[in-house]
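J.: Predicted model, plus sequence, below.
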Amino acid sequence: MINNSQVRYATSPREVKQMDTKALRDEFLVEDVMTVNTIKWVYSHYDRFMVAGVVPKNEVTLETVDELKSEFFLERRELGIINIGGKGAVNVDGTVYELENKEALYLGQGNKIVVFSSAHANTPAKFYLNSTPAHKAFPNKKIGIEDVEVVELGANETANARTLRKYIVNSVVDVCQLQMGMTSLKTGNVWNTMPAHVHDRRMEVYFYIEVPEGQSVCHFMGQPNETRHIWMQNEQAVISPPWSIHSGAGTSNYTFIWGMAGENLDYSDMDMANISELR
Ligand SMILES: O=C(O)C(=O)C[C@H](O)C(=O)CO
Ligand SMILES: [Zn+2]
């Protein structure tokens with residue numbers, strides 16, 4: 001067992017209202033996601049959601065962590081994997097799933113030995129990992145580009161034209177509670193998830209990717225009438241409490257992976273915030 005994980009406790013809106021920039025970043029920002037040949041988990045007490053990434057230049061085995069007090073990582077958990085790097089593979093108890101860039105894999109509870117590798121060490125895979133507690137063992141499933149549900153959102157006029165791709169949702173794969181997808185802003189568009197929303201039934205984590213060199217995304221969080229912001233660099237993640245909006249404006253277009261867990265699997269269960277009422 002390795003102890004390469006960090007716990008983030010749940011915070012209330014009242015506490016967050018008092019936080020300065022550093023406190024907000026310490027609590028919600030995950031700076032180092034894509035680590036080479038190692039997996040550094042962040043364990044959030046919001047719905048016990050775990051976030052990590054791995055760039056396997058050598059083979060990397062998924063190991064359990066102290067927080068889980070389990071014999072193996074997936075003993076009581078499910079795992080979503082999206083590859084944002086070069087071609088790679090995930091060996092799951094002897095079955096090999098090859099994942100090209102922007103392909104995903106769902107692993108159900110009970111899988112014991114999971115090994116990540118890259119096809120080429122000089123263009124390694126970059127596996128983004130989200131994991132949540134599971135109550136049932138659903139089958140493993142690879143989700144290729146052709147399996148994804150695609151939704152077009154926003155408009156150029158409001159600088160929020162974007163393509164949303166649902167990878168791990170219950171209309172594509174059987175899951176206990178994990179949902180994952182990817183949203184890409186079109187050229188010249190900068191706003192994600194605007195109009196903003198909250199969903200007190202689910203927490204969410206955004207992982208910003210494809211942010212061009214020298215550009216940033218300003219991520220907005222907090223209750224709709226008491227917002228805060230966190231400046232995000234490429235390949236950083238941010239935890240969104242269930243009571244918080246999660247929206248961002250970039251200094252260019254970009255992509256992000258969203259992952260959710262909680263009370264329901266209803267993607268459309270959102271309480272919208274009126275733009276003119278944001279504070
Ligand atoms: O661009 C968007 O809008 C999103 O990607 C929204 C996320 O999917 C989300 O917040 C789901 O609750
Ligand atoms: Zn959301």
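T.: Looks like it arrived, so ask away. Since we're looking at a predicted model, the values are computed, not measured. Ligands and ions are numbered 1, 2, ... in the order given.
J.: what does the stretch 101-250 of the chain put close to ligand 1?
T.: Taking C-beta under 6 Å from any ligand atom as the criterion, the stretch 101-250 of the chain approaches ligand 1 at residues 153, 162, 164, 181, 183, 192-193, 199, 204, 246. All C-beta atoms are positioned from the backbone trio N, CA, C, and that covers glycine.
J.: Looking at the residues you listed, state which has the most neighbours.
T.: Asn192 (29 neighbours; other C-beta atoms under 10 Å).
J.: Just say helix, strand or coil for the closest residue to it other than its chain neighbours.
T.: Counting by C-beta to C-beta, 6 or more residues apart in numbering, Asn192 lies nearest to Gly248, which is 4.9 Å off, once chain neighbours are set aside. Following DSSP: H, G, I helix; E, B strand; the rest coil, the label given to Gly248 is strand.
J.: Quick check: Gly248 touching Trp191?
T.: Yes: using C-beta atoms under 8 Å, Gly248 is in contact with Trp191, at 7.4 Å.
J.: So what touches the lengthiest helix in the chain?
T.: Using DSSP state H to define each element, the chain has its longest helix at helix 21-28. Helix 21-28 has contacts (C-beta atoms under 8 Å, 6 or more residues apart in numbering) with 8, 11, 16, 19, 221, 228, 230, 238-240.
J.: Which strand residues bridge the residue nearest to Asn192?
T.: Asn192, His219 (DSSP bridges).
J.: Now do the contacts for it.
T.: By C-beta under 8 Å, 6+ apart, Gly248 lies in contact with 191-193, 206, 208, 217-220, 232, 256.
J.: Trp171 - how many residues pack around it?
T.: Slight slip there: residue 171 is Ser, not Trp. 8.
J.: Which parts of the stretch 1-150 of the chain are strands?
T.: 5-8, 29-30, 34-36, 41-44, 50-55, 60-61, 77-83, 88-92, 95-99, 104-107, 114-118, 127-133, 141-143, 149-153 (DSSP state E, counting those that start in this stretch).
J.: these two touch, right, Glu210 and Thr255?
T.: Yes: counting by C-beta under 8 Å, Thr255 is a contact partner of Glu210 at 4.2 Å.
J.: re earlier: mind listing what's buried in the longest helix of the chain?
T.: By neighbour count with 16 or more other C-beta atoms under 10 Å, helix 21-28 contains the buried residues 24-25, 27-28.
J.: Repeat that for stretch 123-137.
T.: Here stretch 123-137 shows 124-134 as buried, counting by 16+ other C-beta under 10 Å.
J.: again, but for stretch 53-73
T.: 53-56, 60, 62, 64-65, 68, 72-73.
J.: Now those in JSON lines, please, with extra columns for pLDDT.
T.: Output for the buried residues of stretch 53-73, formatted as JSON lines (pLDDT from 0 to 100):
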{"residue": "Gly53", "pLDDT": "98"}
{"residue": "Val54", "pLDDT": "98"}
{"residue": "Val55", "pLDDT": "98"}
{"residue": "Pro56", "pLDDT": "98"}
{"residue": "Val60", "pLDDT": "98"}
{"residue": "Leu62", "pLDDT": "98"}
{"residue": "Thr64", "pLDDT": "98"}
{"residue": "Val65", "pLDDT": "97"}
{"residue": "Leu68", "pLDDT": "98"}
{"residue": "Phe72", "pLDDT": "98"}
{"residue": "Phe73", "pLDDT": "98"}
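J.: For the nearest residue to Ile230 once chain neighbours are set aside, the count of nearby residues, please.
T.: In this structure, Ile230 finds its nearest non-sequential neighbour in His219, 4.9 Å apart by C-beta to C-beta, 6+ apart. Neighbour count of His219, defined by other C-beta under 10 Å: 27.
J.: what does the one 5 residues further on give?
T.: As a burial measure, Pro224 scores 21 neighbours (other C-beta under 10 Å).
J.: ok, the nearest residue to it once chain neighbours are set aside - contacts?
T.: Here the nearest residue to Pro224 in space, its sequence neighbours aside, is Ala273; by C-beta to C-beta, 6+ apart that works out to 3.8 Å. Counting by C-beta under 8 Å, 6+ apart, Ala273 touches 195-198, 224, 245.
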